[in-house]
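Chemist: Got a predicted structure here, sequence first:
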Amino acid sequence: MNLFTDIRTLVIENLTLLQAEGVLPAGLDFKNVAVEPPRDPLHGDMATNAAMVLAKPAKMKPRDIAEALAGKLAADGRIDSADVAGPGFLNMRLAATLWQDVIATAIAQGPDFGRSDMGQGRKVNVEFVSANPTGPLHVGHTRGAVFGDALASLLDFSGHEVTREYVINDGGSQIDTLARSVYLRYLEAHGQEVSFPEGVYPGDYLIPVGQALKDKVGDKYVDQPEDIWLEDLRNFGTDKMMDLIREDMAALGVKMDVFFSEKSLYGTGKIEECLNTLDKKGLIYQGTLPPPKGKELTDWEPREQTLFRSTLHGDDVDRPVKKSDGSWTYFAPDIAYHYDKVLRDYDELIDVFGADHGGYVKRMKAAVSALSDGKVPLDIKLCQLVRLFKDGEPFKMSKRAGTFVMLRDLIDLVGADVTRFVMLTRKNDAPLDFDFSKALEQSKDNPVFYVQYAHARVRSVFRKAEAAGIAVDDATLKAADLTLINHEAELTVAKKLAEWPRLVEIAARTNEPHRIAFYLYELAADFHALWNRGNDLPELRFLQEGDIATSQAKIALIRSVSIVISAGLSILGVTPAEEMR
């Protein structure tokens, strides 16, 4: 049930009637007609831009269209009033029965309330985290992990078939560095004193890896030259680091469907196959790039390289895929990896990158556009930095990982639920300040607590009702006399509930799961306001002594609140609170 869609349908039906009556000309396109909440709730429940968008093609004044449409809508039993505002906006107030129906629908549909078929089963690949397998996940990875996982859940909730994917960057020189770092810890496990030269990974997290290698091979590699052990330790170190990364993600509640090895692209002909495909499209050539902007010509030496004509697909400059020495650039395997995803018949690709990958956006979109002939869209979401604070001051945590703050430190301090919710309280491309004091504070200023408190309060009412012998199962609540829900404060909550299905579709269409967190906070605020009004007005209390019917109607309202909060938190990967401690 999407009440906004229903009212838009009603608006379109009445516009069609006005056409049949000759008030509006035939042949008008209604696709841009929208029904939305008004900017100011005092103006009404819903507003439509119909008159404004149709005025020019109809060659009429918008106010004339709005007044004709208002007359039609006011005659419908679902519309209490339709008022023209300004040059031609139309504000509508809906009958209370529609808001009461939202409550019944939410209870009837339960966790599926708001679920959409908007995606129509389109296959979407969401690639996120994809940290180098050289250490545990840190705070910077956490935001991308939470964002990507919540986005995947949101797309699933809106009718898409979603694959969560992680690329193991095991094909580059950083894996050689990992192998050498593991080797030093291996020697240390054998009692040798070792020093950590510049460029290796000194984190304590490699101590158990060195010990595990000793347990596996004994002294086989002690004092042996690098060519004897390097490849084995590349594989051993990568496997151990991926085990650690999987544990980190599990602690955060993230589970991947696919782990793709970058190494599988090398020496298998897949990179060559991808570039041959682009070559056949006339998109690969030998050439020399212009000097980078702002660079002195004396510092730049022109070199002929193998280039991809990415400018034909929206990029600013063509991109090298093979260096003058014949080795691949970093971009080449990335193109091949995305070609692999295109060949897996995804309808849409989404990459979640850190903010430092901003320069990759246009070239990667160009590559996917070229490889799919423009048929597979790629959306790249950049996650900005996370800054850590405590009591408003920059906060430095333990750095057992060597040079960065680990995800596990964050979870140990505030828990996975708080971590996830806070990470979604800002749009992904805006910097996020994570204040540990605020995250654990039990106040309205802490959105995690505020939303969880709303759910816990609902559950407390249910426990009291059951103790009083009032039936509060969903079958009973669905059949309650919801005409008893008629106070302004109660209808405000019902109106917010009605926005949920629309909000889900908007968030999914824009790939913005933070909208879910914002909405849940607003719903919690309306619920808490109703709760507090009950302190002053006994008739608004959820349990009405001696009046089971009214109690059940009011409990039906807050049951629908708990359904939506639970569904929203599930999308965010957060467990609803049954009680606050």
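Modeler: Nice, thanks for sending it over. Fair warning: this is a prediction, and the values are worked out from it, not measured in the lab.
Chemist: I'd guessed residue 109 sits against residue 2; true?
Modeler: No - proximity of residue 109 to residue 2 does not meet the contact threshold set by C-beta atoms under 8 Å, at 11.8 Å. C-beta coordinates here come from the backbone N, C-alpha and C atoms, glycine included.
Chemist: which SSE is the residue sitting nearest the centre point of the chain in?
Modeler: The chain has residue 151 as the residue nearest its centroid, 2.8 Å off, counting by C-alpha atoms, centre = their mean. Using DSSP states H and E, the element containing residue 151 is helix 139-157.
Chemist: cool, residue 388 as well?
Modeler: Counting by DSSP H and E, residue 388 is part of strand 386-390.
Chemist: buried set for that strand?
Modeler: 386, 388, 390 (16 or more other C-beta atoms under 10 Å).
Chemist: shouldn't the first one be in contact with residue 144?
Modeler: No - using C-beta under 8 Å, residue 386 is not in contact with residue 144, being 9.9 Å away.
Chemist: Contacts only, for the nearest residue to residue 565 once chain neighbours are set aside.
Modeler: In space, and not counting its chain neighbours, residue 565 is closest to residue 455: 4.8 Å by C-beta to C-beta, 6 or more residues apart in numbering. When contacts are counted by C-beta atoms under 8 Å, 6 or more residues apart in numbering, residue 455 is found next to 562, 565, 566, 569, 576, 577, 578.
Chemist: Please apply the same query to residue 235.
Modeler: Counted by C-beta under 8 Å, 6+ apart, residue 235 has zero contacts.
Chemist: And the pLDDT for it?
Modeler: What the model reports for residue 235 is a pLDDT of 97.
Chemist: Please give the element, helix or strand, for it.
Modeler: Residue 235 belongs to helix 226-252, assigned by DSSP H and E.
Chemist: following that helix, which helix or strand shows up next?
Modeler: Following helix 226-252 toward the C-terminus (DSSP H and E): strand 258-261.
Chemist: what distance separates the helix or strand bottoming out on mean pLDDT in the chain from the centre of its chain?
Modeler: Ranking every helix and strand in the chain by mean pLDDT, DSSP states H and E puts strand 393-394 at the bottom, with a mean of 86. Relative to the chain's own centre, strand 393-394 is displaced by 28 Å; criterion: C-alpha atoms, centre = their mean, to the nearest Å.
Chemist: on that earlier part again, let me know the closest of the contacts of residue 455 to residue 155.
Modeler: residue 569 (16.9 Å; C-beta to C-beta).
Chemist: Would you mind confirming that the closest one makes contact with residue 576?
Modeler: Yes - the pair residue 569 and residue 576 qualifies as a contact (C-beta under 8 Å) at a distance of 5.2 Å.
Chemist: Between those two, which is the more surrounded one?
Modeler: residue 569 (23 against 19; other C-beta atoms under 10 Å).
Chemist: Remind me which helix or strand that one belongs to.
Modeler: Counting by DSSP H and E, residue 569 is found in helix 548-572.
Chemist: pLDDT averaged over that helix, what's the number?
Modeler: 98.
Chemist: Which residues belonging to that helix are considered buried?
Modeler: 548, 550-569, 571-572.
Chemist: what packs against the strand holding residue 388?
Modeler: Counting contacts by 3 or more C-beta pairs under 8 Å, 6 or more residues apart in numbering; DSSP states H and E, strand 386-390 packs against helix 139-157, strand 432-435, helix 436-440.
Chemist: returning to what we had before: for the helix holding residue 235, buried residues please.
Modeler: Those would be 229, 233-234, 236-238, 240-242, 244-245, 248-249, 251-252, for helix 226-252 by 16+ other C-beta under 10 Å.
Chemist: Tell me where this structure is predicted with low confidence.
Modeler: Applying pLDDT under 70 to the chain flags residues 294-300, 397-404.
Chemist: residues touching the most far-flung residue of the chain relative to its centre, list them.
Modeler: Largest separation from the mean C-alpha position in the chain: residue 223, at 49.0 Å (C-alpha atoms, centre = their mean). Listed by C-beta under 8 Å, 6+ apart, the contact set of residue 223 is empty.
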